[in-house]
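> what would the 3D arrangement of this be:
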Amino acid sequence: MAPERRRRPLSREEALRLQQRKARQREKEQESRELARGPIDLPFFVLVMLLTAIGLIMLLSASFPSAYYETDGENPLFYFTRQGVFAIMGVAAMLIVGRTNYQRFRALAQPLLFLSVILLVLVLIPHNPIAITRNNATRWLGIPGTSLQFQPSEVAKAAVVLYFSDSISKKKDLMRTFRHGIVPYAIILVVLAALVGLEPHLSGAILILGAGAVLMLVGGINWAWVGGALGAAGALMYVVLFVIGYNTSRIEMWHNPWADAQGKGYQLSQSLISIGSGGLLGVGLGRSRQKFLFLPEEHNDFIFAIVCEELGLIGAGIIMLLFAALILRGYWIALHARDRFGSLLVVGIVTLIGLQTFLNIGVVTGLLPTTGISLPFFSYGGTALSIQLAEMGVVLSVSRQMKPTKAG
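Take a look at the predicted model:
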């Protein structure tokens with residue numbers, strides 16, 4: 001048996017250095033705890049609460065005719081009450097997440113990414129009893145016999161932002177290389193976007209690709225690859241739209257919805273009628289005529305058309321300004337974040353909100369081809385609203401660690 005080796009006693013200088021390292025570590029931990037207790041960014045919080053409150057009011061106005069007919073007159077507040085419950089849960093989650101040190105979210109990056117892939121695969125399994133199909137698209141998972149359901153694409157979007165932020169923040173100069181800055185992230189984006197696109201859910205795939213691309217750009221990839229990425233994305237869109245034939249009729253009806261206003265162009269034509277009916281000042285809150293079963297998805301993807309009809313150009317413009325203020329304030333927080341990880345987190349989350357808002361309003365107004373995409377904080381969807389509010393909590397968590405001179 002080998003004799004036990006004795007530990008050499010530390011010299012006075014070594015012991016002093018060890019004590020200094022421990023003291024610095026304690027100071028860093030104390031500083032981290034103090035930063036996590038800092039004030040949240042009040043303007044961002046107020047904007048989130050304003051949009052959530054206005055969204056609930058507009059959902060109540062837009063949804064009660066459908067709820068009345070679908071429940072045989074028993075519960076015209078069906079959609080509103082369910083959304084209200086999820087809004088309360090979401091605000092609670094936002095406050096809890098906002099009080100958590102966002103550095104702890106790093107541990108969730110890889111597990112959440114793997115979970116999102118598993119959930120997206122479950123959606124595509126044929127005859128899966130927990131997969132839900134609507135309007136020829138299988139985008140939801142739910143528990144049989146209950147009304148609890150969610151879109152795995154929402155989890156995938158959050159996973160992309162969290163994983164990319166964590167990974168890119170550790171690479172810095174390596175992001176300018178093709179091997180480390182392009183290949184691993186491109187593979188993840190292609191896999192997730194392909195799974196979402198097969199549902200089919202083109203707008204969800206666009207959001208995932210858009211958020212990932214922005215994070216790579218902010219992370220410092222070589223701009224020489226940007227043109228190639230845009231070309232590849234354009235080629236992919238062409239294949240999906242024209243070679244596979246996905247939503248080709250929607251492209252045609254986007255060009256001229258009046259050519260088949262009672263058929264494939266019905267939804268867009270009714271949306272444009274709703275917007276035109278509102279004029280400058282609108283017909284008044286709660287007085288929309290198009291929501292009485294004329295406009296499909298009036299409380300979901302096309303709720304902004306009801307906003308335009310009831311509140312008019314001025315009301316809709318104010319809501320768009322609130323969204324713009326939220327996005328700009330979010331990017332301001334990202335610029336003043338304490339570290340690279342926090343900055344990337346906020347950029348990814350705010351980009352998702354901004355891109356989704358732009359796409360939804362573009363679809364409703366006929367600027368873009370019709371596709372299923374909801375308006376953040378407004379469209380009906382409890383789990384989506386809860387996730388969005390929790391993501392806003394992440395932004396607030398980052399804002400708590402800004403220096404006091406930068407928090408104004």
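
> scan this structure for its longest strand.
strand 137-142 (DSSP state E).

> low-confidence bits of the chain, can you list those?
1-12, 14-16, 18, 20, 22-37, 144-147, 226-230, 232-251, 403-408 (pLDDT under 70).

> any idea which residue sits dead centre in it?
residue 352 (4.4 Å; CA atoms, centre = their mean).

> partner strands of the very next helix or strand once past the longest strand of the chain, parallel or antiparallel?
Per DSSP states H and E, the first helix or strand lying C-terminal to strand 137-142 is strand 149-150. Looking at strand 149-150 with DSSP bridges, its partner strands are strand 137-142 (antiparallel).

> distance between the strand it pairs with and the chain's centre?
Centroid displacement of strand 137-142 relative to its chain, using CA atoms, centre = their mean, to the nearest Å, is 18 Å.

> and for stretch 58-77?
27 Å.

> quick check: buried residues in that stretch?
Of all the residues in stretch 58-77, those buried under the rule 16 or more other CB atoms under 10 Å are 58-68, 76. Bear in mind the C-beta positions are built from the backbone N, C-alpha and C, glycine included.

> one step back: roughly how far apart are the residue nearest to the centre of the chain and residue 367?
19 Å (CB to CB, to the nearest Å).

> show me where the stretch 201-350 of the chain has helices.
When secondary structure is read from DSSP state H, counting those that start in this stretch, the stretch 201-350 of the chain shows helices at 202-219, 224-238, 248-255, 266-278, 303-335, 340-364.

> show me what the longest one is packed against.
Judged by 3 or more CB pairs under 8 Å, 6 or more residues apart in numbering; DSSP states H and E, helix 303-335 is in contact with helix 42-70, helix 266-278, helix 340-364, helix 382-400.

> which one of the helices of the stretch 201-350 of the chain lies closest to residue 87?
For residue 87, the closest of the helices of the stretch 201-350 of the chain is helix 303-335, at 14.7 Å, according to CB to CB.

> now that closest one and helix 42-70, what's the angle there?
For helix 303-335 against helix 42-70, the angle by axes from the mean of the first three to the mean of the last three CA atoms, to 10 degrees is 160 degrees.

> relative to helix 202-219, how tilted is helix 303-335?
Using the same axes, to 10 degrees: helix 303-335 against helix 202-219 is 20 degrees.

> just put the helices of the stretch 201-350 of the chain in JSON lines and tack on distance to residue 167.
Shown next, in JSON lines, are those (distance: least, CB to CB, whole Å):
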{"stretch": "helix 202-219", "distance to residue 167": "9"}
{"stretch": "helix 224-238", "distance to residue 167": "17"}
{"stretch": "helix 248-255", "distance to residue 167": "35"}
{"stretch": "helix 266-278", "distance to residue 167": "40"}
{"stretch": "helix 303-335", "distance to residue 167": "17"}
{"stretch": "helix 340-364", "distance to residue 167": "9"}
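
> now for those helices, which one comes closest to residue 169?
helix 340-364 (4.0 Å).

> tell me the gap between that closest one and the middle of its chain.
With CA atoms, centre = their mean, you get 6 Å for helix 340-364.

> please identify the buried residues of it?
Quick answer for helix 340-364 (16+ other CB under 10 Å): 340-361, 363-364.

> stretch 324-334 now?
325-327, 329-334.

> quick one: these as a markdown table, columns for distance to residue 213 too.
Formatted as a markdown table, the buried residues of stretch 324-334 follow (distance: CB to CB, whole Å):
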| residue | distance to residue 213 |
| --- | --- |
| 325 | 24 |
| 326 | 21 |
| 327 | 17 |
| 329 | 22 |
| 330 | 18 |
| 331 | 16 |
| 332 | 22 |
| 333 | 21 |
| 334 | 16 |
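
> nearest to residue 163, out of those residues: which one, please.
Among those, and counting by CB to CB, the member closest to residue 163 is residue 334, at 17.5 Å.

> do you know how far the closest one is from residue 317?
Separation of residue 334 from residue 317 (CB to CB) stands at 26 Å.

> quick one: contacts for the residue nearest to residue 316 when sequence neighbours are not counted?
With sequence-adjacent residues excluded and distances taken as CB to CB, 6 or more residues apart in numbering, residue 316 is closest to residue 308, at 4.6 Å. By CB atoms under 8 Å, 6 or more residues apart in numbering, residue 308 lies in contact with 274-275, 278, 282, 315-316.

> quick check: residue 308 vs residue 282, distance?
For residue 308 relative to residue 282 (CB to CB), the value is 7 Å.

> what touches both of these two?
Here residue 308 and residue 282 share the contacting residues residue 315, scored by CB under 8 Å, 6+ apart.

> how about the helices of the stretch 201-350 of the chain, which one is nearest residue 50?
helix 303-335 (6.1 Å).

> next, the angle from that closest one to helix 340-364.
Using the same axes, to 10 degrees: helix 303-335 against helix 340-364 is 160 degrees.

> where's helix 303-335 relative to the chain centroid, distance-wise?
16 Å.

> and that helix with helix 382-400, angle?
30 degrees.

> what's near enough to touch residue 75?
67, 81.

> and it, helix, strand or coil?
Residue 75 falls in the coil class when you classify it by DSSP: H, G, I helix; E, B strand; the rest coil.

> need phi/psi at it.
Here is the backbone geometry of residue 75 (degrees, to the nearest 10): phi -150, psi 80.

> thinking again about what came up before, among the helices and strands packed on helix 303-335, which comes closest to residue 124?
helix 382-400 (19.3 Å).

> just the CA coordinates of that closest one, formatted as PDB?
Output in PDB follows, covering the C-alpha atoms of helix 382-400 (Å, rounded to 0.1, in the frame of the first residue of the first chain):
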ATOM      1  CA  GLY A 382     -54.100  31.500 -22.800                       C
ATOM      2  CA  THR A 383     -50.800  29.600 -22.900                       C
ATOM      3  CA  ALA A 384     -49.300  32.000 -25.500                       C
ATOM      4  CA  LEU A 385     -50.200  35.000 -23.300                       C
ATOM      5  CA  SER A 386     -48.800  33.400 -20.200                       C
ATOM      6  CA  ILE A 387     -45.500  32.600 -22.000                       C
ATOM      7  CA  GLN A 388     -45.300  36.200 -23.400                       C
ATOM      8  CA  LEU A 389     -45.800  37.700 -20.000                       C
ATOM      9  CA  ALA A 390     -43.200  35.400 -18.500                       C
ATOM     10  CA  GLU A 391     -40.800  36.500 -21.200                       C
ATOM     11  CA  MET A 392     -41.500  40.100 -20.300                       C
ATOM     12  CA  GLY A 393     -40.500  39.000 -16.800                       C
ATOM     13  CA  VAL A 394     -37.100  38.000 -18.100                       C
ATOM     14  CA  VAL A 395     -36.600  41.500 -19.600                       C
ATOM     15  CA  LEU A 396     -37.600  43.000 -16.200                       C
ATOM     16  CA  SER A 397     -35.100  40.700 -14.500                       C
ATOM     17  CA  VAL A 398     -32.300  42.000 -16.800                       C
ATOM     18  CA  SER A 399     -33.400  45.600 -16.200                       C
ATOM     19  CA  ARG A 400     -33.000  45.000 -12.400                       C
END
